[in-house]
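Q: Give me a 3D structure for the following:
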Amino acid sequence: MPEPVIARISRAGKKFEIYVYPEKAYKFREGKKVDIRNILAVENVFTDARKALKVSSSDLKKAFGTTDLYEIAKVILREGDVQLTSEYRKKLQEEKVRWIINYIHKNFVDPQTNLPHPVSRIEKALKEARVKVDPLKEPEQQVKDVVEQLRRILPLKSGQVIMSIKVPASVWAKARSLLAGQGNIVSEKWSEDGSQVMFKVELPIGAQMLVLDRIGEMGGQAEVE
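A: Got it, this is the predicted structure:
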């Protein structure tokens with residue numbers, strides 16, 4: 001079992017900390033199904049976890065509206081900060097770099113040959129361009145910026161497609177972040193009752209299936225115009 005780390009959040013003028021297992025905590029933050037009871041290393045909320053100073057029930061109620069440990073832990077994990085060991089941070093970054101390299105290899109070509117760039121060439125270009133990939137951010141949300149940086153030294157071409165997207169208002173931020181990371185949002189409109197958001201977005205042709213899958217997982221609809 002990996003060493004627990006501290007997740008923390010500040011609310012109502014106070015600091016709240018919990019001990020969590022890092023890998024499970026980040027799977028939870030990424031929206032994967034993980035039982036919150038398996039994430040917590042210690043079943044307590046602290047004002048200072050290292051000194052084992054517990055938070056009073058009244059402070060929990062004031063800050064979170066509940067004293068339920070598991071519900072409070074979910075809020076801290078979703079909205080707060082989670083410490084990372086250097087080893088786990090490196091692992092996350094390597095995974096996201098590999099995803100981005102494979103995505104570029106599959107969805108972009110050399111305009112001179114109309115053939116995909118070899119993976120080794122993309123890897124070399126990433127290093128030459130000194131591209132920084134955020135280990136804590138989903139790769140789908142970073143690929144657009146990475147491609148723009150790579151184009152300074154590596155010619156990349158991709159066909160474009162316009163898609164109409166409709167999602168529930170509850171996932172607006174998540175959907176918008178995904179779409180902005182994949183292409184250009186042409187328009188964004190809320191329904192009159194505020195229950196849905198409609199996007200029109202310009203994307204690389206190769207991003208269609210990924211967007212269809214992710215939007216479907218969010219309970220939305222996507223179609224090519």
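Q: Is residue 191 in contact with residue 198, as I believe?
A: Yes. Counting by Cβ atoms under 8 Å, residue 198 is a contact partner of residue 191 at 7.3 Å. All C-beta spots, glycine's among them, are computed from the backbone N, C-alpha and C.
Q: higher neighbour count, these two?
A: Taking neighbours as other Cβ atoms under 10 Å, residue 191 and residue 198 compare with residue 198 leading, 15 against 11.
Q: Residue 218 versus the more buried one, what's the distance?
A: 14 Å (Cβ to Cβ, to the nearest Å).
Q: Where is the longest helix in the chain?
A: Counting by DSSP state H, the longest helix found in the chain is helix 86-107.
Q: Against which helices or strands is that one packed?
A: helix 22-29, helix 119-128, helix 143-150 (3 or more Cβ pairs under 8 Å, 6 or more residues apart in numbering; DSSP states H and E).
Q: would you put the C-alpha positions of stretch 171-187 in CSV?
A: Written as CSV, here are the backbone C-alpha positions of stretch 171-187 (Å, rounded to 0.1, in the frame of the first residue of the first chain):
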residue,chain,number,x,y,z
VAL,A,171,-21.6,19.0,-16.5
TRP,A,172,-21.1,22.4,-18.3
ALA,A,173,-17.7,23.1,-16.9
LYS,A,174,-16.3,19.6,-17.5
ALA,A,175,-17.7,19.6,-21.1
ARG,A,176,-16.4,23.1,-21.9
SER,A,177,-12.9,22.1,-20.6
LEU,A,178,-12.9,19.0,-22.8
LEU,A,179,-14.0,20.8,-25.9
ALA,A,180,-11.7,23.8,-25.4
GLY,A,181,-8.8,21.3,-25.0
GLN,A,182,-9.7,19.5,-28.2
GLY,A,183,-10.5,22.4,-30.6
ASN,A,184,-12.1,25.8,-30.9
ILE,A,185,-15.5,26.6,-29.4
VAL,A,186,-17.4,28.5,-32.1
SER,A,187,-20.6,29.2,-30.0
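Q: List of residues touching it?
A: 31, 138, 140-145, 160, 162, 165, 167, 188, 197-204, 207, 210-211, 214-215, 218-220 (Cβ atoms under 8 Å, 6 or more residues apart in numbering).
Q: Strands of this protein, residue ranges please.
A: 5-11, 14-20, 46-48, 53-54, 81-82, 160-168, 184-190, 196-204, 221-224 (DSSP state E).
Q: Need those strands in a markdown table (columns: distance to residue 74 and mean pLDDT).
A: Below are the strands of the chain laid out as a markdown table (distance: least, Cβ to Cβ, whole Å; pLDDT from 0 to 100):
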| stretch | distance to residue 74 | mean pLDDT |
| --- | --- | --- |
| strand 5-11 | 11 | 94 |
| strand 14-20 | 10 | 95 |
| strand 46-48 | 17 | 94 |
| strand 53-54 | 19 | 94 |
| strand 81-82 | 13 | 89 |
| strand 160-168 | 20 | 91 |
| strand 184-190 | 27 | 95 |
| strand 196-204 | 24 | 93 |
| strand 221-224 | 28 | 88 |
